[in-house]
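Asker: model the following, please.
(one chain, ligands or ions: 1)
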Amino acid sequence: MGQGQGGVAGSGGAVADANVSLVSISPSPPTMGPAEITIALASAIGQPISGAKLQLQADMAMAGMRAVKGDLIDQGNGRYLSHGFAFSMGGNWILTVHGTLADGTTVDRTLPLPPVGGWTDP
Ligand SMILES: [Cu+2]
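Answerer: Numbers count the residues shown, from 1 in each chain. Sure, this is the predicted structure:
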């Protein structure tokens, strides 16, 4: 894997020079309830990166609103699929992928997400 700097694994998390992108979300458009989300992780020059430990988190800018979290399962070839992830309401969520690559570098990336359908606050 392309290592730009001589990062030492576990030395406090150098930030990975990686691309994170949303591949698909099901259902589409997303709606309140379970969602299957596939993301792609690749190096800066587009090579798929497998073996990362990634999690998905969705937050809403709403007082007292709890974040929704789920693991992303490595599918190989740089693809990761959400497991046990569900939107607890409709509305505008901020979707973030964070975790650690096999080389010890970290990712923390917000992905564009369309509004989630279903029940929203009155
Ligand atoms: Cu909310």
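
Asker: and the closest residue to Leu113 other than its chain neighbours, how many residues sit next to it?
Answerer: Spatial nearest neighbour of Leu113, excluding adjacent residues (CB to CB, 6 or more residues apart in numbering): Leu95 at 4.3 Å. From N, CA and C alone the C-beta is placed, and that goes for glycine too. By other CB atoms under 10 Å, 23 other residues sit near Leu95.

Asker: check contacts around Leu95.
Answerer: With contacts defined as CB atoms under 8 Å, 6 or more residues apart in numbering, the neighbours of Leu95 are Leu22, Ile37, Leu56, Gln57, Ala58, Thr110, Leu111, Pro112, Leu113.

Asker: what's the farthest-apart pair in the residues you listed?
Answerer: Gln57 and Pro112 (15.0 Å; CB to CB).

Asker: of those two, who's got more company?
Answerer: The neighbour comparison of Gln57 against Pro112 (other CB under 10 Å) goes to Gln57, with 17 against 8.

Asker: secondary structure element for the more buried one?
Answerer: Using DSSP states H and E, Gln57 maps to strand 53-59.

Asker: close to the ion, is that strand?
Answerer: No. Figure legend: strand 53-59 not in contact with the ion (CB under 5 Å from the ion); closest approach 9.5 Å.

Asker: note down every partner strand of that strand and its orientation.
Answerer: strand 68-76 (antiparallel), strand 94-100 (antiparallel) (DSSP bridges).

Asker: surely Pro114 and Pro30 touch.
Answerer: Yes. Counting by CB atoms under 8 Å, Pro30 is a contact partner of Pro114 at 6.6 Å.

Asker: which of the two has more residues huddled nearby?
Answerer: Using other CB under 10 Å, the more surrounded residue of Pro114 and Pro30 is Pro30, with 22 against 12.

Asker: run through the bridge partners of the nearest residue to the more buried one once chain neighbours are set aside.
Answerer: Spatial nearest neighbour of Pro30, chain neighbours left out: Val116 (4.7 Å); criterion: CB to CB, 6+ apart. Applying DSSP bridges to Val116 gives these bridge partners: Gly91.
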